[in-house]
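Colleague: No letters, just coordinates:
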């Protein structure tokens, strides 16, 4: 009698183990569930509008994936180029078609990965590698100035290889031209004409800033069959904030470095009829020696205003020939009277100091002159004479752009003295 319970218990335990084993086997059998299967090859289910391989897709047409008949639906599509950029697109609500909404890049390579679902719910997948045809017409960008260290007033220049006049096309170009600055600045591009853009911050560049200009136009469709080409990045360093302010009425120039006065120089500016331009100018370059002749600015050689002079320590501020330079022949008028033909003259010693102190991109301003205002464009970098609101109006991303005369139309080598 003592053995019966033990036998019964053992028997019941055996039945329990068998029952649990049966349940475990039933629960573990998932082979019949559609989602447990490896994705099938969706080649029979979907079709691409480009065959891939050696056949190149037209970059001016959208990329499409379509389901054949009623062979299920598309669940997801990702299209990535060789640089890792994703191509934006839209999938229809019923999953029958995916179509790109962003333009394909010309001359690029793409990988498209498509996930699908069959009529019975089984998952499918398909990968397509394809390329796009090279651009038939290219637009390239060249940034300026040359790499180096510049003053706080230096604009970034973008010169295009072809004119771009359509506003929408300009917006495409402008979005692709990136300026990175450390520290960060608030700035904008301004279309000078159909082939030239300038970028400047709202305020002068911060002293010590590092600036990089980059074009992301390569392969991008701009307009019609015009696509962007590759461009070389530009890296600049901004030096100290050097500002020279000339008061034509007091006949003195005040030079500041980072807001502190470092020199006050007696000068002469343009006399009546040749008054120096008012406004903010940017140093364009420096020439140790320049031969200045009145004939270069339309003054007859044999007239009372004619001149032919050797000039040293010449710092150029306009393309038409306005300089800050040594003028030893008029030293008696420095600090007292305006006797030049438009340039700012000073003693040889002061001119040498100024020449050694300033660099391209530094600010040279003239106030209280009877001369015209400095042109914003075409005769140097007068960019800072536009208010920030007016500057932004020259951006294709803000408002209608202005088509001015080309900055290269102005004669560049006409010294004034």
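Modeller: That came through, no problem. Quick caveat, the model's predicted, so the values are computed rather than measured. Numbering: from 1, shown residues only.
Colleague: worst-scoring helix or strand of the chain, pLDDT-wise?
Modeller: helix 3-28 (a mean of 42; mean pLDDT, DSSP states H and E).
Colleague: just checking, next helix/strand downstream of that one?
Modeller: Following helix 3-28 in sequence order, the next helix or strand is strand 40-41 (DSSP states H and E).
Colleague: Stretch 138-152: how far from the chain's middle?
Modeller: On the basis of Cα atoms, centre = their mean, to the nearest Å, stretch 138-152 sits 10 Å off its chain's mean C-alpha point.
Colleague: What mean pLDDT does that stretch get?
Modeller: Stretch 138-152 shows a mean pLDDT of 97.
Colleague: Do me a favour and get the end-to-end distance for that stretch?
Modeller: End-to-end distance of stretch 138-152: 33 Å, with Cα to Cα, to the nearest Å as the criterion.
Colleague: Same check on stretch 163-183?
Modeller: 33 Å.
Colleague: Looking at it now, give me its mean pLDDT.
Modeller: 96.
Colleague: and residue 189, bridged to which residues?
Modeller: Legend: beta-bridge partners of residue 189 under DSSP bridges are residue 199.
Colleague: what number of residues lie near it?
Modeller: 26 (other Cβ atoms under 10 Å). In this view, the C-beta of every residue, glycine as well, is placed from N, C-alpha and C.
Colleague: Please apply the same query to residue 222.
Modeller: Residues near residue 222, counting by other Cβ under 10 Å: 25.
Colleague: So that it lines up with my notes, have the first residue be 52 from now on.
Modeller: Will do, 52 is the new start, and the previous item becomes residue 273.
Colleague: my read: it touches residue 192, true?
Modeller: No - when contacts are counted by Cβ atoms under 8 Å, residue 273 is not listed as touching residue 192 (11.0 Å).
Colleague: what's the overlap in contacts for the two?
Modeller: Common neighbours of residue 273 and residue 192 (criterion: Cβ atoms under 8 Å, 6 or more residues apart in numbering): 224, 279.
Colleague: Now do the strands in the stretch 302-451 of the chain.
Modeller: Along the stretch 302-451 of the chain, the segments classed as strands by DSSP state E, counting those that start in this stretch run 303-308, 311-317, 330-333, 336-344, 359-367, 374-377, 395-397, 414-418.
Colleague: for the ones you listed, which one sits closest to residue 448?
Modeller: Comparing the strands of the stretch 302-451 of the chain by their distance to residue 448 (Cβ to Cβ), the top pick is strand 330-333, with 24.5 Å.
Colleague: Okay, now the sheet partners of that closest one, with direction.
Modeller: strand 414-418 (antiparallel).
Colleague: how about the strand it pairs with: buried residues?
Modeller: 414-417 (16 or more other Cβ atoms under 10 Å).
Colleague: next one: stretch 284-292
Modeller: Per 16+ other Cβ under 10 Å, stretch 284-292 contains these buried residues: 285, 287, 289-292.
Colleague: which residues touch that stretch?
Modeller: Looking at stretch 284-292 with Cβ under 8 Å, 6+ apart, the contacting residues turn out to be 194-196, 198-203, 205, 207, 255-266, 307-310, 410, 412, 414.
Colleague: how long is stretch 188-200 end to end?
Modeller: The first and final residues of stretch 188-200 sit 35 Å from each other (Cα to Cα).
Colleague: And it, what's buried?
Modeller: Buried positions in stretch 188-200, judged by neighbour count with 16+ other Cβ under 10 Å: 189-192, 194-196.
Colleague: can you pull the pLDDT of the nearest residue to residue 147 once chain neighbours are set aside?
Modeller: Leaving aside its chain neighbours, residue 147 sits nearest to residue 118 (4.8 Å; criterion: Cβ to Cβ, 6 or more residues apart in numbering). According to the prediction, residue 118 has pLDDT 96.
Colleague: Next, count neighbours for residue 118.
Modeller: 21.
Colleague: Provide a list of residues in contact with it.
Modeller: Counted by Cβ under 8 Å, 6+ apart, residue 118 has contacts 96-97, 124-125, 146-148, 167.
Colleague: Of the residues you listed, keep whichever come out buried.
Modeller: Buried among these (16+ other Cβ under 10 Å): 96-97, 124-125, 147-148, 167.
Colleague: Can I get the residues you listed in CSV including distance to residue 402?
Modeller: Shown next, in CSV, are the buried ones among the contacts of residue 118 (distance: Cβ to Cβ, whole Å):
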residue, distance to residue 402
96, 80
97, 76
124, 79
125, 74
147, 77
148, 73
167, 77
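Colleague: Which one of the residues you listed is nearest to residue 430?
Modeller: Distances from residue 430 to the buried ones among the contacts of residue 118, taken by Cβ to Cβ, are shortest for residue 148, at 56.3 Å.
Colleague: State the distance from the spatially most central residue of the chain to residue 128.
Modeller: By Cα atoms, centre = their mean, the mean C-alpha position of the chain lies nearest to residue 228, the distance being 2.4 Å. Distance of residue 228 to residue 128, computed by Cβ to Cβ, to the nearest Å: 30 Å.
Colleague: what residue ranges in the stretch 302-451 of the chain score low on pLDDT?
Modeller: Counting by pLDDT under 70, the ranges of the stretch 302-451 of the chain that qualify are 345-349, 351, 355-357, 450-451.
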